[in-house]
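Peer 1: show me how the following folds:
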Amino acid sequence: MHTLTVRVGEKAATIAVESRESVREILDTTGLRVRAACGGSGSCGACTVRLVGGHANPPTLAEYLKLTAEERAGGMRLACQLRLTGDAEILLEHPAPASPWKSISPEDLPSIEACLPELQEHVLGVAIDLGTTHIRLSLWDRRQGRRIATRSGGNPQSIFGADVLNRLAAARDAGRAAELRNLARGAILDALHDMLARDVGEVTPMLAEIGHVVLAGNTAMLALLTGRGGNALLDPENWQQPIDCQPLDQSEWRSLWRLPNAHLEVLPGVAGFVGSDLMADLLATGLADGPPGALLVDIGTNTEIALWDGEVLHVTSVPGGPAFETGGIGFGMPAEFGAICAVRRGGAAAFELEVIGGGAPAGFCGSGLLDAIAVLLKADVIKPSGRIATEYGTEGYRLDPANPRTSITGMAIDAFQRAKAATAAAITVLMAQAAMPPERVGRLVVCGAFGRHLDVANARNVGLLPDLPDAAVELFGNAALAGCEEVLLGRQGRERLAELAGKLSLINVTLVLSFENIYIEELRLRRIPITG
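Peer 2: Have a look, this model is predicted:
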């Protein structure tokens with residue numbers, strides 16, 4: 001692993017580099033960007049940076065063509081051609097305008113071995129995971145089976161509320177329903193334009209080359225996007241029934257998204273409380289391909305859970321609220337520069353804070369909040385009840401006494417407790433309903449908000465995950481997007497989805513009498529026993 005230090009004016013950020021990507025690709029996964037318009041070939045010459053020091057590849061032919069001898073002698077490089085061979089430092093003198101979209105790190109995405117060599121036209125395809133808090137997309141060359149670009153950004157519908165019920169209630173008004181619909185559609189189109197402009201080099205001609213779009217999401221997100229099924233979801237009687245969220249008019253969608261040749265496929269949800277995002281998770285992780293005792297937990301604003309007993313997939317979902325993605329949390333923020341992403345106990349009662357990009361902490365992302373609560377619990381600063389044991393005033397307990405934005409407040413702890421209690425109680429009830437003894441669970445797949453950055457030990461210690469050994473736990477952060485990609489790249493993915501649907505048993509755990517009592521017990525910050 002190498003370290004890239006990026007200086008912009010008086011500020012500096014440090015990025016850990018795990019792959020052989022270009023500096024332009026590395027920066028695209030952060031809040032920093034260079035100007036780019038050629039898809040990384042070096043032909044536009046716009047992505048200039050200054051290599052201040054360190055170890056990198058020598059200038060390429062494209063750089064000799066686009067940069068003068070004086071510029072090269074002064075350390076000027078094209079970011080799309082620059083690759084680290086060791087630690088390095090660059091100066092970003094002409095950054096691109098800020099964007100709400102970031103590339104997804106390659107380490108957070110699986111390799112998918114599939115392609116459609118028989119395609120003769122419209123070979124591009126797009127996979128979309130429409131989440132409550134975030135939207136994730138990938139652009140593919142389907143004929144070659146090559147992932148061209150990815151993007152992740154916030155779902156702008158959050159202005160109507162962090163949870164789906166607030167948005168569904170707002171959508172009762174026709175005007176607001178149209179606004180919610182247009183917010184999601186506009187965001188997807190914006191991300192698509194961003195990928196084509198930066199990673200391909202053309203937009204309008206390439207929109208016509210997109211032949212297939214596959215989209216998954218929880219049922220409420222699908223209803224708000226297509227304008228169908230939202231009112232039915234407001235009636236709990238429909239939560240265990242399939243909800244038709246399919247768009248009525250493909251031509252309207254093609255026109256709105258300016259995709260004249262695309263087949264738009266919205267993967268259907270299973271029921272009101274189980275969406276197609278869980279089905280995509282199951283497809284990508286192969287949960288039902290292995291032995292019984294496999295558990296999947298997709299942690300997010302809505303948490304989906306599946307348990308494979310060897311014959312049946314028992315599935316459920318619970319609203320966790322936005323705490324896992326730090327929405328509505330004091331000093332909560334996305335996993336971007338300035339976010340505390342990990343917390344460890346230091347010496348002399350101090351705490352070590354890992355901050356994305358280095359520098360002063362500006363708040364907590366989801367993994368940082370979980371770590372902070374777990375570390376403070378072990379230090380007896382937070383009691384298992386969630387109460388802060390020391391005098392901390394009205395601003396919370398500061399991990400760094402000099403920085404108020406490192407404060408863990410009672411409200412943040414309470415929101416986290418409620419989200420983790422709903423998840424833990426749902427897991428317990430699902431295993432009981434499936435007659436699966438806890439000790440038979442041998443595989444736990446964790447998808448969703450935390451991705452591969454989840455500290456499994458801390459998640460166990462606060463009771464978010466069952467007390468399984470590390471070897472049994474797999475982190476799969478973008479499973480829903482990967483499932484959409486498998487459908488995009490061939491008929492086999494769609495056939496496997498149909499097979500999975502035939503193995504489902506839906507369980508609404510909130511209707512199980514014991515759920516409420518277990519939920520109350522799981523509000524305590526403690527490990528979940530895995531032995532019966």
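Peer 1: which stretches of the stretch 251-400 of the chain form helices?
Peer 2: For the stretch 251-400 of the chain, applying DSSP state H, counting those that start in this stretch gives helices covering 276-285, 366-378.
Peer 1: pick the most deeply packed of the ones you listed.
Peer 2: Here the criterion is mean neighbour count by mean count of other C-beta atoms under 10 Å, and of those the winner is helix 276-285, at a mean of 28. For the C-beta atoms, the positions are set from N, CA and C on the backbone; glycine is no exception.
Peer 1: ok so, going back, and residue 98, which of the helices of the stretch 251-400 of the chain is closest to it?
Peer 2: The closest approach between residue 98 and any of those, judged by C-beta to C-beta, belongs to helix 366-378 at 22.0 Å.
Peer 1: and the contacts of that closest one?
Peer 2: The set of residues external to helix 366-378 that reach it, using C-beta atoms under 8 Å, 6 or more residues apart in numbering, is 323-326, 329, 332, 335, 339-345, 351, 353-354, 364, 382-384, 388, 397, 399, 408, 412-413, 416, 449-450, 453-455, 458-459, 461-462, 464, 525.
Peer 1: how far does that helix sit from the chain's center?
Peer 2: Computed by C-alpha atoms, centre = their mean, to the nearest Å, the chain-centroid distance of helix 366-378 equals 20 Å.
Peer 1: what's the weakest-modelled helix or strand in the chain?
Peer 2: Per-element confidence for the chain was summarised using mean pLDDT, DSSP states H and E. The lowest value among helices and strands belongs to helix 250-257, with a mean of 86.
Peer 1: what domains does the record give for this protein?
Peer 2: 2-91, 113-266, 286-322+416-522, 331-408 (automatic domain parsing).
Peer 1: how about low-confidence regions in this protein?
Peer 2: Counting by pLDDT under 70, the chain contains low-confidence ranges at 327-328, 348-349, 391-394, 529-532.
Peer 1: identify the bridge partners of residue 388.
Peer 2: With DSSP bridges applied, residue 388 shows beta-bridge pairing to residue 382.
Peer 1: before we move on, the earlier item: would you list the domains of the chain in a markdown table and tack on distance to residue 98?
Peer 2: A markdown table is the format used below for the domains of the chain (distance: least, C-beta to C-beta, whole Å):
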| stretch | distance to residue 98 |
| --- | --- |
| domain 2-91 | 7 |
| domain 113-266 | 12 |
| domain 286-322+416-522 | 23 |
| domain 331-408 | 11 |
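Peer 1: what strands line up against the one helix or strand residue 444 maps to, and which way round?
Peer 2: Using DSSP states H and E, residue 444 sits in strand 443-448. When pairs are called by DSSP bridges, strand 443-448 turns out to pair with strand 294-299 (parallel), strand 473-476 (parallel).
Peer 1: after that strand, which helix or strand is next?
Peer 2: Downstream of strand 443-448, the next assigned helix or strand under DSSP H and E is helix 456-461.
Peer 1: which residues in the stretch 1-150 of the chain form helices?
Peer 2: With DSSP H, counting those that start in this stretch applied, the stretch 1-150 of the chain shows helices at 23-28, 61-66, 69-73, listed in chain order.
Peer 1: tell me which strands and helices the last one is in contact with?
Peer 2: This means helix 69-73. Using 3 or more C-beta pairs under 8 Å, 6 or more residues apart in numbering; DSSP states H and E as the contact definition, helix 69-73 packs against no other helix or strand.
Peer 1: ok, and what's touching it?
Peer 2: The contact list for helix 69-73, computed with C-beta under 8 Å, 6+ apart, reads 59, 63, 64.
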